[in-house]
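Novice: A structural model of the following input is requested.
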Amino acid sequence: STRSTVNSNGNGCMSPARSHTIGGPKHGLGTPSTRPREVRGAAGQTFIVWPMSRDVRDCNDIVHKDISIPPAVQVVLDSPPVQRLIELKQLGCAYNAYPCTTHTRKEHSLGVMEVAGQFSTHIQQNQSQLNVSDKDILCLRIAGLCHDLGHGPFSHCYEAFLKAAYKNEKDNPEQYEERNEKFKKQFGVDMLPLPEHYEHEKTSLMMIDSALASAGLEIDWENLDEPLKQIGDGIDREKFGVDLGREKYEPFTSRDWVFIKECIYGEPLDEPDAPTTQLDFVGRGEEKEFLFDVVNNRHSGLDVDKIDYYDRDSLAAFGTSQGSWNVFRREAVIAKGLCPNPLTCFKCKNKEAPEEHLMICYPDKLVSSAMNFFATRMKNHENVYTHKKTKGAELQMVDLLLEADKHFGMLLPTQRDDPFGFPVGKRFDDFTFQRLPLSRAWMFPLLFLRVDDSILSIIENKAIENPSPQLDRLRNLLNDKRRHRVYKRVAEVEIGLVGGEELWAKTEDEIKEELLEEHTDYAGEQARYETDMVLNPDDFIVEKRELHYGRKEHNPVRQMRFTTKHNKADLSNPVEKLPTALEPQNFPMNTPASFLRRTVRIFCRSQKKYELISHVFEDWKFHKIDKMAAPFSKDWKVFSVPEDDEEDDQPDSQPITQPEECSISFSPRKRKDSEDSSRSPIPSGVAKKRLMFRST
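Specialist: Residues are numbered from 1 along each chain as shown. Here you go, the predicted model:
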């Protein structure tokens, strides 16, 4: 049963007989139910296939303790795209600030798979009238396992790199002339363009196709309710799915795998993941639309993905979890709820009024827990994901990858015609490129399989081998990385939501230009003679940072729907008579007044100019910010008072005090009898200016 020949997979791609297939024995021993068998493909090819294993695998996990892996999930887990996640750090460059945050995307994906299974099993057991099947649960487990397949090296750092590469290629095309000319000479076409916005979820869908292809299977859009299409040696399509016992199976259909993709993407699929752009979900009907929110909740954002990584990341960074979120898994119910996002919901945005959806809801006693859940998001983003050292290391890594992308444009072979390469889906039949730059690695699954955190070592070896002076900056960046010399945060200022709109509307490049103009006034004639007094655009980086609870300035808990104890019995009603859950009206005392914070941070590339940049920033801050009404800033503000008060020089009966360390004194204005103390002290109509103090 072992062959050394190479079979065509029906898509014009050649793949080895079984050297790259997954999930079954490579010999003819065993019972008839486990032996490989020959099947005929649609084009008359002969494939060797075998059933999936029937053993349940268990593993330990630092968060969820025990994780159970069903046989069908094992097939996907052992595929190359999922195994690649071992080489990706979950938190990218955060280990520079928190040494223990070295857990991988595979650990997180296994955790999401487990929580998705427990979550959907709870619904199946407590609301049986919803007809959640074992296959539905299995599909949600696989969606949880595969939801992050599209992440590149150092996770979100790769997305920042692609964004920077798009901008740099647009603003400085001359830096890429040599690379692009070489590409055009070899392949006869221009370099493949980069999208303005990269979505790792779309790449995850591509890698799901790659995982299926490595098992000899493919989604067949023309026969959605039939078992998956057999395109090569691998798993028997008739024996891949739910194990019913007694050597009987309920096989996965193509519709099931479309459902898995939709659960990850959170919206109907479009090209190239579907023959045409879909207007609605295809994988399941409206009676099960709540299943699409388990892994990626499009309504509120509270889903099993976040339940896992809030716990896992907090445990790694702080040594303890920020809260037990198992309560959401235990208390979840399905009820009707009015759409919280009618302007963006694909079902409601073209309707006159928002519709009701079957949604994942919770008892109203969990309003406070939900608020704490989203508060954890903001805390982790501020203290871990965008920590000053994490961000400095990430910005440095982006610069490093940009330099490598310029000079090693043809570094990475795609294995397009490699007979030992894993098979790929038919969507790549017309793909002919044998090499691509790092910034295009996500465009072809066989290349993306080999692009992980180890890419840094490949780049370093290439830089050492090539003595070209053009690589000096790359070598300096690599040396700094080895010495743990990351970019330093020079300064940070918080922009108020009131009064700071004009500044926040400026781009990072516009703020950089203002700083450079401020430098001209600061440096003066001395800059002509001292190199360290000359500030260049490449010496520093401006970053605009937003910290929020998950829905920008909006309260995410308002987008959730809650049931009361009075309609608890109605949750057992048929689907059409389920109760309507409502938006919460009462919030805990610790609910913040604002759910969004904005900051501008300056990071320094050149250590020698740290002090210069700091002084320039303080001058810019004095001229551009300290004279704006920004209530969250920690400095003096200039406000305006009405014309009517120009003649009032009598102080209030309750004088305004100030800290002892403050050396500035002033007299407050007199409040008129007709003036309501609850009104804003700054009505329209400006006459004179008054100094207001906010303690630091």
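Novice: wait, Ser314 sits on Asn383?
Specialist: No. Counting by C-beta atoms under 8 Å, Ser314 stays clear of Asn383, with 9.6 Å between them. (Glycine included, C-beta is placed from N, CA and C.)
Novice: more neighbours: which of the two?
Specialist: Comparing Ser314 with Asn383 by neighbour count (other C-beta atoms under 10 Å), the higher total belongs to Ser314, at 20 against 15.
Novice: contacting residues for the more buried one?
Specialist: Thr320, Ser321, Gln322, Thr376, Asn380 (C-beta atoms under 8 Å, 6 or more residues apart in numbering).
Novice: now do the SS call for the second one.
Specialist: In other words, Ser321. Recorded secondary structure, Ser321: coil (DSSP: H, G, I helix; E, B strand; the rest coil).
Novice: which residues does it contact?
Specialist: Residues near Ser321 by C-beta under 8 Å, 6+ apart: Val63, Asp311, Ser314, Leu315.
Novice: same check, this time on Asp256
Specialist: By C-beta under 8 Å, 6+ apart, the residues touching Asp256 are Lys135, Cys139, Gly241, Gly283.
Novice: how does it look with 6 Å?
Specialist: Asp256 is in contact with Cys139, counting by C-beta atoms under 6 Å, 6 or more residues apart in numbering.
Novice: any idea how far it lies from Ser68?
Specialist: Distance, Asp256 to Ser68, using C-beta to C-beta, to the nearest Å: 20 Å.
Novice: with Asn590 instead?
Specialist: Distance from Asn590 to Ser68, by C-beta to C-beta: 37 Å.
Novice: now do Ala463
Specialist: Remark: distance between Ala463 and Ser68 (C-beta to C-beta) = 45 Å.
Novice: who's more crowded, these two?
Specialist: For Ala463 versus Ser68, the count of surrounding residues by other C-beta under 10 Å is larger for Ala463: 22 against 14.
Novice: so where does that one fall, helix or strand?
Specialist: Using DSSP states H and E, Ala463 sits in helix 455-465.
Novice: tell me the mean pLDDT for that helix?
Specialist: What helix 455-465 shows for mean pLDDT is 90.
Novice: show me what counts as buried in that helix.
Specialist: The neighbour-count check on helix 455-465 (16 or more other C-beta atoms under 10 Å) flags Ile455, Leu456, Ile458, Ile459, Glu460, Ala463 as buried.
Novice: name the residues that touch that helix?
Specialist: Under the criterion C-beta under 6 Å, 6+ apart, residues Pro153, Ala404, Phe408, Leu471, Leu474, Arg475, Leu478 lie in contact with helix 455-465.
Novice: where does confidence bottom out across the residues you listed?
Specialist: Lowest-confidence member of the contacts of helix 455-465: Phe408, scoring 72 (pLDDT).
Novice: residues near that one, how many?
Specialist: 19.
Novice: with Asn96 instead?
Specialist: Counted with other C-beta under 10 Å, the neighbours of Asn96 add up to 20.
Novice: 240 is where my numbering starts, stick with that
Specialist: That works, and once the first residue is 240, the last one we named lands at Asn335.
Novice: distance of it from Glu594?
Specialist: 47 Å.
Novice: got it, and Ala820?
Specialist: With C-beta to C-beta as the criterion, Ala820 and Glu594 are 14 Å apart.
Novice: need the CA coordinates for stretch 452-459. PDB is fine.
Specialist: Extracted C-alpha coordinates of stretch 452-459, given in PDB (Å, rounded to 0.1, in the frame of the first residue of the first chain):
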ATOM      1  CA  ALA A 452      -6.000  20.000   0.600                       C
ATOM      2  CA  SER A 453      -3.200  18.500   2.700                       C
ATOM      3  CA  ALA A 454      -5.800  15.800   3.700                       C
ATOM      4  CA  GLY A 455      -6.800  15.300   0.100                       C
ATOM      5  CA  LEU A 456     -10.100  17.200   0.400                       C
ATOM      6  CA  GLU A 457     -11.800  20.300  -1.000                       C
ATOM      7  CA  ILE A 458     -15.000  22.300  -0.600                       C
ATOM      8  CA  ASP A 459     -17.300  21.700  -3.600                       C
END
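Novice: so how far is that stretch off the chain centroid?
Specialist: 27 Å (C-alpha atoms, centre = their mean, to the nearest Å).
Novice: likewise for stretch 666-680?
Specialist: Taking C-alpha atoms, centre = their mean, one finds stretch 666-680 lying 24 Å from the centre of the chain it belongs to.
Novice: do the same with stretch 428-436
Specialist: Centroid separation for stretch 428-436 versus its chain: 22 Å, with C-alpha atoms, centre = their mean.
Novice: just the terminal-to-terminal distance for it.
Specialist: End-to-end distance of stretch 428-436: 23 Å, with C-alpha to C-alpha, to the nearest Å as the criterion.
Novice: quick one: contacts of it?
Specialist: When contacts are defined by C-beta under 6 Å, 6+ apart, stretch 428-436 is touched by residues Tyr405, Asn419, Phe422, Lys423, Arg679.
Novice: what subset of those is buried?
Specialist: Buried residues within the contacts of stretch 428-436, counting neighbours by 16+ other C-beta under 10 Å: Tyr405, Phe422, Arg679.
Novice: list the buried ones in stretch 567-582?
Specialist: Across stretch 567-582, burial judged by 16+ other C-beta under 10 Å covers 567-568, 570-579, 581.
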